[in-house]
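K.L.:
Output the structure for:
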Amino acid sequence: METVDAVVIGAGPNGLVAASALADAGWDVLVLEAQDEIGGAVRSGSLWPESPETTSDLFSAFYPLAAASPVIKRLSLEQHGLTWVQAPSVIAHVADADEERCAVVHRDPARTAEALDADAPGDGDSWLRLFEQWQRLRDPLLDALFTPFPPVRSGAKLLWRAGAHDTLDLARIAAAPVIRLTQEWFRGEHGKLLVSGNAMHADVPMEAPGSGIFGWLLVMLAQDVGFPVPQGGSGMLTKAMARRAQSAGARIDVGENVVSVGVRGGRATSVRTASGREVAVRRAVLADVDAPRLFNEMVGAEHLPERLRRDLARFEWDLPTVKVNWLVEGGIPWRAEAARTAGTVHFGTGLSGLSRWSSDLASGREPDELFALLGQMTTADPTRSPSGTESVWAYTHLPREKYDDAHAGQVATAMDARLEELAPGFRDRVRHRTVQHPSDLQASNGNLYRGAINGGTAQLHQQLVFRPATGLGRPETVIDGLYLAGASTHPGGGVHGACGWIAARSALAAEGRLGRPVKALRGRAMKVLYR
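P.N.:
Prediction:
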């Protein structure tokens with residue numbers, strides 16, 4: 001049996017970041033990936049044999065969190081082949097088929113403010129005040145978000161930088177529903193749509209506490225770093241991550257589906273793959289997989305305290321997803337012309353409809369409204385498709401009870417119909433079309449359970465110390481030497497690399513100079529939590 005210092009399960013962004021961190025420390029690291037290619041939910045390729053020169057992002061596409069993440073910045077991925085590119089404008093929200101204007105985040109804050117003032121005088125000043133506040137808080141806030149919980153050192157820096165007023169204001173943003181915050185910040189609909197539409201990138205209803213922080217964070221990142229994309233396709237990001245890990249000495253084997261983690265004496269000692277391959281580990285196993293699969297399938301209930309088993313039974317997934325990919329001749333003929341230069345377009349409904357859509361999904365009802373996120377990838381990166389065409393995708397969510405392919409297909413057809421209303425002539429321009437149902441997403445990446453893309457709900461009851469189960473909130477598990485390194489642990493979904501980085505730093509600390517007292521303290525904490 002081969003033996004290594006650490007096995008990383010999964011070659012998604014978090015797994016590759018973890019592999020780099022461990023290999024940088026001199027560990028012998030082996031990454032085992034179930035699929036035949038690396039990347040997890042950050043992959044790209046050609047969907048249509050008739051148009052092999054067209055690149056489609058198979059899952060995620062735009063990466064504001066990656067561009068801003070201090071974790072990703074440490075890796076210097078530009079030295080390993082990554083090039084970021086941007087669309088002329090960042091985000092548009094198209095809501096009304098009769099309107100020739102739409103809400104837009106431009107690259108220049110002054111231009112965004114000017115457009116918001118044209119919608120409602122005074123909203124531009126409100127936007128600039130929000131952005132000035134963001135610039136004051138940005139660096140210590142991102143450090144606090146992407147460090148282990150609780151963020152003691154980075155949190156102290158944030159409090160020092162923010163002062164009393166900004167600290168209280170930030171706390172209120174974190175707790176408030178986005179629908180309330182936008183009412184306070186803007187008079188017109190465009191400003192409200194920009195923040196609310198970005199809040200819907202998570203699965204927190206507009207009226208729920210915590211939705212405000214998602215909308216504020218993403219729209220401020222949009223104004224700050226934009227929504228950049230890797231030149232050549234999303235897979236170029238993970239290829240750069242893989243080259244970075246390999247340059248430090250990590251090995252990556254694809255087509256190796258880990259089915260079990262060996263546990264002896266309360267410690268992770270090995271992994272076994274579906275092919276029968278067994279790998280012993282001297283130090284740690286880091287799992288870039290969802291929490292239910294890791295604990296219930298790979299580890300097994302016999303190694304888990306009863307209380308943790310009960311907590312995992314109530315683990316809540318985020319909403320299922322259906323995604324449609326098109327190749328469009330001449331691009332999408334949006335009636336609202338400003339949408340034609342945006343890399344990301346939110347489309348389907350206005351503010352009241354967006355509220356109903358999110359509430360219906362949260363309560364399990366079939367929404368009467370439609371809201372979808374769309375990427376105009378050739379607008380952002382001209383290498384994505386032949387000249388004169390647009391590589392496009394759009395996705396929306398489904399009620400948890402209606403994740404079957406038949407229903408997903410109906411919703412995909414509704415996206416086509418709504419696009420035709422907002423961009424008359426769209427259907428006639430479609431050269432190729434492919435639907436990715438929830439089952440397709442899960443088959444391509446086991447972490448995308450029934451098409452859920454966030455590793456579990458982002459609502460407050462499953463964040464921080466409640467992620468993925470009450471009392472964890474960190475990558476350490478009840479099994480010594482086993483670490484959660486995926487989106488099911490803090491700080492959650494999004495391509496920022498922090499879940500993998502935090503898991504790697506925790507594993508290094510446990511094996512370092514203070515390893516014995518660190519392990520003893522963690523062991524006592526676990527016994528208290530799960531006795």
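
K.L.:
Pull the contacting residues for Gln246.
P.N.:
If you count contacts by C-beta atoms under 8 Å, 6 or more residues apart in numbering, Gln246 has them with Ile252. No exception for glycine: its C-beta is placed from N, CA and C like everyone else's.

K.L.:
name the element it belongs to?
P.N.:
For Gln246, the element it lies in under DSSP states H and E is helix 235-247.

K.L.:
Would you mind listing the outside residues contacting the following helix or strand past that helix?
P.N.:
Past helix 235-247, heading to the C-terminal end, the next element that is a helix or strand (DSSP H and E) is strand 251-253. Where contact means C-beta under 8 Å, 6+ apart, the residues beyond strand 251-253 that reach it are Ala11, Ala19, Val29, Leu30, Val31, Leu32, Glu33, Ile38, Ala242, Ala245, Gln246.

K.L.:
how about a cut-off of 10 Å?
P.N.:
In this structure, residues lying in contact with strand 251-253 by C-beta atoms under 10 Å, 6 or more residues apart in numbering are 4, 8, 11, 15-16, 19, 23, 28-33, 38, 242-243, 245-246, 273, 277, 279.

K.L.:
In ChimeraX, select just the buried ones from those residues.
P.N.:
Filtering the contacts of strand 251-253 down to the buried ones (16 or more other C-beta atoms under 10 Å) takes a single ChimeraX command:
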select :4,8,11,15,16,19,23,28,29,30,31,32,33,38,242,243,245,246,273,279
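
K.L.:
among the contacts of strand 251-253, which are in helices?
P.N.:
Gly15, Leu16, Ala19, Ala23, Ala242, Arg243, Ala245, Gln246 (DSSP state H).

K.L.:
wait, which of those is closest to Gly493?
P.N.:
Lowest distance from Gly493 to those (C-beta to C-beta) belongs to Gly15, with 14.7 Å.

K.L.:
The closest residue to the closest one other than its chain neighbours: how many residues sit nearby?
P.N.:
If the residues on either side of it in the chain are set aside, Gly15 comes closest to Asp288, at 3.4 Å by C-beta to C-beta, 6 or more residues apart in numbering. The burial count assigned to Asp288 is 31, neighbours taken as other C-beta atoms under 10 Å.

K.L.:
Check what pLDDT Asp288 gets.
P.N.:
Reported pLDDT at Asp288 in the predicted model: 98.

K.L.:
Also Ala291?
P.N.:
Looking at Ala291 specifically, the model assigns a pLDDT of 95.

K.L.:
Check the burial of it by counting its neighbours.
P.N.:
Other residues near Ala291 number 23, with proximity taken as other C-beta under 10 Å.

K.L.:
That one: what's it in contact with?
P.N.:
Residues in contact with Ala291 (C-beta under 10 Å, 6+ apart) are 311-312, 315, 455-456, 467-469, 472, 477, 484, 486-489.

K.L.:
now the end-to-end length of stretch 18-33.
P.N.:
This stretch, stretch 18-33, spans 14 Å end to end (C-alpha to C-alpha, to the nearest Å).

K.L.:
do the same with stretch 205-217
P.N.:
With C-alpha to C-alpha as the measure, the first residue of stretch 205-217 is 16 Å from its last.

K.L.:
Where do the helices of the stretch 101-250 of the chain begin and end?
P.N.:
Using DSSP state H, counting those that start in this stretch, the helices of the stretch 101-250 of the chain run over 109-119, 123-145, 152-175, 178-185, 189-199, 211-224, 235-247.

K.L.:
Break this structure down into its structural domains.
P.N.:
2-45+234-317+450-530, 123-225 (automatic domain parsing).

K.L.:
Identify the farthest-apart pair in the ones in helices among the contacts of strand 251-253.
P.N.:
Set against one another by C-beta to C-beta, those have their most distant pair in Gly15 and Arg243, with a gap of 14.5 Å.

K.L.:
hang on, isn't Ala6 packed against Leu286?
P.N.:
Yes - proximity of Ala6 to Leu286 meets the contact threshold set by C-beta atoms under 10 Å, at 6.4 Å.

K.L.:
these two touch, right, Gly233 and Glu53?
P.N.:
No - if you go by C-beta under 10 Å, Gly233 and Glu53 don't touch, sitting 11.8 Å apart.

K.L.:
Looking at those two, which one has more neighbours?
P.N.:
Here Gly233 and Glu53 are compared on neighbour count by other C-beta under 10 Å; more neighbours surround Gly233, at 24 against 11.

K.L.:
And that one, how far from His80?
P.N.:
As judged by C-beta to C-beta, to the nearest Å, Gly233 and His80 stand 16 Å apart.
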